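A.B. asks: Please work out how this folds:
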Amino acid sequence: MNSFRFSIKSIGFDEHYQPADNTRITTNFANLARGERRQQNLRNTLAMINKRFNSLVGWDNPNSDRYSVQLDIISVAIHVDSTSDSDDHNFPAIEVLKTTIIDRKTNQRIEGIVGNNFSSYVRDYDFSLVLPEHNKNQTTFSIPDQFGDLHGKLFQYFVNSEAYQHHFTKPPVICLSVSDNKTYQRTSNQHPVLGVEYQPNESSLTEQYFKKMGLEVRYFMPAGSAAPLAFYFFGDLLNDYSNLELASTISTMETFQRIYRPEIYNAHAAAGERYQPNLKNRDHAVTDIVYDRAERSRLAVEQGKFAEEHFIKPHHALLSRVLEQPLEHRI
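C.D. replies: Have a look, this model is predicted:
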């Protein structure tokens, strides 16, 4: 798609991290890096990630301290070649995380996985503006026509772009929480790091939305976890990535989930054969990391409006043409 190009910036996520001005403030890592306890929040979060990673990779790791996980925030801007003038307009579209594994025994840096967390202004627009407006006067919930089509194409343009191919060697893996209105059944399939596989009773709206991004999904509960995680991926999740790569995603995203969804991921009782997540579960522990969940929901609406004002409306004609064009799958 000649009308779009992408640029990528990277910033380290450590205890000194300060969110950039154009960072989505609903993003997990940005939320943690604010307020009086920001540095303690970040330090504790990184310690939780490293502890969880070492628990997952116990081989040749007798003291559970061989590895640490380094995180980089990847910010992606879409540059739009406007047809009305020669100016190049850019929009801060996506933020993801990239993991790098540090092996202290060999002093080796091992490339991890890009993706993990996923933040998108256009997704905020879809879920916080388009979907509520469509259902405002309806008695039964429904999905608008072409819901997620634009976002899905933009994401696939990015993964197929020269910018992505230049920076990353493998397709992304995005790791999210399970849906609290679906039921998950344990299967007999088990992976040495991902753990036991679960299957949902039906497809969720998030699954359908991410499918338009070209992503498949599988649900696994690693050993020592309280609930399954949703892994969204291209290709073959179990064979395209090493155990260390997968462990870096699990340790990172399970830590975030334990912080802001403790009712599910920091529950005292682990998921059984048949599992339905419950955000009202009182039998859970909270971390000592401050996270403002109510603010996150409120700001999603504001950021959806930002996408509408600065991307959707200014480029409406171009984006309408994008929706009409077939997508070439090259991932």
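
A.B. asks: quick one: low-confidence ranges for the stretch 101-250 of the chain?
C.D. replies: The stretch 101-250 of the chain contains no residues with pLDDT under 70.

A.B. asks: so what pLDDT did the closest residue to Arg104 other than its chain neighbours get?
C.D. replies: Distances taken as Cβ to Cβ, 6 or more residues apart in numbering place Arg66 nearest to Arg104, at 5.8 Å, with adjacent residues excluded. Glycine gets a C-beta too; all of them are placed from N, C-alpha and C. On the pLDDT scale, Arg66 is placed at 98.

A.B. asks: Surely Arg66 and Asp60 touch.
C.D. replies: Yes - applying Cβ atoms under 8 Å, one finds Arg66 in contact with Asp60, separated by 7.1 Å.

A.B. asks: overlap in contacts of these two?
C.D. replies: When contacts are counted by Cβ atoms under 8 Å, 6 or more residues apart in numbering, Arg66 and Asp60 have Lys105 as shared neighbours.

A.B. asks: what about these two, which has more around it?
C.D. replies: Comparing Arg66 with Asp60 by other Cβ atoms under 10 Å, the one with more neighbours is Arg66, at 19 against 8.

A.B. asks: got the CA positions of stretch 298-318 in PDB?
C.D. replies: The C-alpha trace of stretch 298-318 is given here as PDB (Å, rounded to 0.1, in the frame of the first residue of the first chain):
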ATOM      1  CA  ARG A 298     -11.800   6.200  31.000                       C
ATOM      2  CA  LEU A 299      -8.800   7.300  29.000                       C
ATOM      3  CA  ALA A 300      -9.500   4.700  26.300                       C
ATOM      4  CA  VAL A 301     -12.500   6.800  25.300                       C
ATOM      5  CA  GLU A 302     -10.300   9.900  25.100                       C
ATOM      6  CA  GLN A 303      -7.700   8.200  23.000                       C
ATOM      7  CA  GLY A 304     -10.400   6.800  20.700                       C
ATOM      8  CA  LYS A 305     -11.500  10.400  20.100                       C
ATOM      9  CA  PHE A 306      -7.800  11.300  19.400                       C
ATOM     10  CA  ALA A 307      -7.700   8.600  16.700                       C
ATOM     11  CA  GLU A 308     -10.900   9.900  15.200                       C
ATOM     12  CA  GLU A 309      -9.800  13.500  15.100                       C
ATOM     13  CA  HIS A 310      -6.200  13.000  14.000                       C
ATOM     14  CA  PHE A 311      -6.400   9.900  11.800                       C
ATOM     15  CA  ILE A 312      -9.800   8.600  10.900                       C
ATOM     16  CA  LYS A 313     -11.500  11.900   9.800                       C
ATOM     17  CA  PRO A 314      -8.500  13.600   8.100                       C
ATOM     18  CA  HIS A 315      -7.800  10.500   6.000                       C
ATOM     19  CA  HIS A 316     -11.400   9.300   5.500                       C
ATOM     20  CA  ALA A 317     -11.300   9.100   1.700                       C
ATOM     21  CA  LEU A 318      -8.000   7.200   1.700                       C
END
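
A.B. asks: Now do the buried residues in that stretch.
C.D. replies: 299-301, 303-308, 311-312, 314-315, 318 (16 or more other Cβ atoms under 10 Å).

A.B. asks: try stretch 219-229
C.D. replies: Within stretch 219-229, the residues that count as buried by 16+ other Cβ under 10 Å are Tyr219, Phe220, Met221, Pro222, Ser225, Ala226, Ala227, Pro228, Leu229.

A.B. asks: Which of those fall within strands?
C.D. replies: Tyr219, Phe220, Met221, Leu229 (DSSP state E).

A.B. asks: What is the nearest of these to Asp236?
C.D. replies: Phe220 (14.0 Å; Cβ to Cβ).

A.B. asks: so who does that closest one touch?
C.D. replies: Taking Cβ under 8 Å, 6+ apart as the test, what Phe220 contacts is His191, Leu194, Gly195, Val196, Glu197, Tyr198, Pro228, Leu229, Phe231.

A.B. asks: what's the farthest-apart pair in the residues you listed?
C.D. replies: Val196 and Phe231 (13.1 Å).

A.B. asks: more crowded one of these two?
C.D. replies: Phe231 (24 against 19).

A.B. asks: Make sure I have this right: the more buried one is in a strand.
C.D. replies: Yes - Phe231: assigned to a strand according to DSSP: H, G, I helix; E, B strand; the rest coil.

A.B. asks: can you pull the contacts of it?
C.D. replies: For Phe231, the contact set (Cβ under 8 Å, 6+ apart) comprises Val173, Ile174, Cys175, Leu194, Val217, Arg218, Tyr219, Phe220, Leu237, Thr249.

A.B. asks: Any of the residues you listed buried? List them.
C.D. replies: Buried by 16+ other Cβ under 10 Å: Val173, Ile174, Cys175, Leu194, Val217, Arg218, Tyr219, Phe220, Leu237, Thr249, out of those.

A.B. asks: want to try a markdown table for the residues you listed, with distance to Lys280 as columns?
C.D. replies: Formatted as a markdown table, the buried ones among the contacts of Phe231 follow (distance: Cβ to Cβ, whole Å):
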| residue | distance to Lys280 |
| --- | --- |
| Val173 | 30 |
| Ile174 | 26 |
| Cys175 | 24 |
| Leu194 | 28 |
| Val217 | 25 |
| Arg218 | 27 |
| Tyr219 | 21 |
| Phe220 | 25 |
| Leu237 | 31 |
| Thr249 | 28 |
